[in-house]
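# following is a predicted model, sequence given first.
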Amino acid sequence: MKQYQEIVPFFDATLDLREFSMLPRGELALMAYRLGELQRDHDALAEQLYRTIICGIAAPPLLVSHNSHKRCEFGRWYNTQASEKFANNPLFIELGELHQEIHRAATHLSKLTEEGSPIQNQDFDAFAQVRLAFRDKLLVLRDRLAGAWSFLDPLTGILRREAMQVILYQEQSRVERGQYQCCIAMVDIDHFKRVNDRYGHLAGDKTLQLVAQTLLKHSRAVDTLFRYGGEELLVCLPSSFPNESMQIMERLRRDIESQSTPIESNGTINVTISIGIAPLQAKVPIETIIAHADQALYQAKSEGRNRIVVYTATNQ
């Protein structure tokens, strides 16, 4: 529980780790850096507006012209690159609304200055408050992107074991509230040590990457994939009973079986995976549930590998 409590403050309901796990690790880092640049750019525009009010000069077009919220640097980023990735993220939507409000308030202040009309306290306060709210939300999104980047495994690009604790606790709480059933699946690459010994660790890394990305690409949108350790992966399968989870993982098992990993000297490697499934039960420690999936995985391997076993009390 302590590990969960240390991690969970980085994330809340406005940010889903699953959403960011679909992005390459390097892209998350670049986006976090870009948001810092955009924040500084918007601060510079606000300073120009203050100069307009104090000195009576023309306001910058990028702040007050028609559709200026789409033409400034942040607006172009928000409506092109970012909108494709975070269109349904509540924090991202709120940021866009605040950004439009900044430009509306800035246009109002600029027109008052141009007309020579006095600016009322409430008008200036409205701009100052929405500007600060926008700045705060932008920095929150930047920090969340950077935080998500730190929870991605650098080799496979999927979520690390630390992030697993957060999501499994979230899913278990939903199970406790009776919202739906959930299972986890422990996945292990068969004879992975043999791949490393025979073809080298670079080939082993490529094999692990291929397996992880194949699972990520072909799993359901609600599923979450983690690197548990070494060649072991863990899949969280919300809204599924054990028999449904077995059908989902069987399709993924066949996908892996049909894939080939290219290696040096123009060769390829074919691997298979063994899978152990366990239901995510309410009020059962997460560590115990993982142990159940691990026991089922051990049974799958002992029965010949390249197969799936579902945990039951009789096969422990």
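Sure thing, it's come through.

# buried residues in the helix or strand containing His292?
Taking DSSP states H and E as the criterion, His292 maps to helix 286-302. Across helix 286-302, burial judged by 16 or more other Cβ atoms under 10 Å covers 286, 289-290, 292-301. Bear in mind the C-beta positions are built from the backbone N, C-alpha and C, glycine included.

# what sits up against it?
For helix 286-302, the surrounding residues in contact (Cβ atoms under 8 Å, 6 or more residues apart in numbering) are 165, 168-169, 172, 184-188, 190, 234, 274-281, 307-311, 315-316.

# each with direction, which strands does whatever helix or strand comes next after that helix pair with?
Per DSSP H and E, the first helix or strand lying C-terminal to helix 286-302 is strand 308-310. Strand 308-310 pairs in its sheet with strand 273-279 (parallel), by DSSP bridges.

# what's the domain layout of this protein?
Here the domain assignment for the chain is 2-150, 161-315, based on automatic domain parsing.

# got the buried residues of helix 286-302 as TSV, with pLDDT columns?
Compiled in TSV, the buried residues of helix 286-302 are given as follows (pLDDT from 0 to 100):
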residue	pLDDT
Ile286	95
Ile289	96
Ile290	96
His292	97
Ala293	97
Asp294	96
Gln295	96
Ala296	97
Leu297	97
Tyr298	96
Gln299	96
Ala300	97
Lys301	96
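
# low-confidence stretches in the protein?
Across the chain, the ranges flagged by pLDDT under 70 are 1-26, 83, 265-266, 314-316.

# residue ranges of the helices in it, please?
2-7, 17-21, 25-55, 61-64, 68-71, 73-77, 83-86, 90-115, 121-150, 161-176, 192-199, 201-218, 242-258, 286-302 (DSSP state H).

# nearest to Asn270 among the ones you listed would be which one?
Asn270 lies closest to helix 242-258 among these, at 7.6 Å (Cβ to Cβ).

# in terms of secondary structure, what does that closest one contact?
If you count contacts as 3 or more Cβ pairs under 8 Å, 6 or more residues apart in numbering; DSSP states H and E, helix 242-258 packs onto strand 182-189, helix 201-218, strand 232-238, strand 273-279, strand 308-310.
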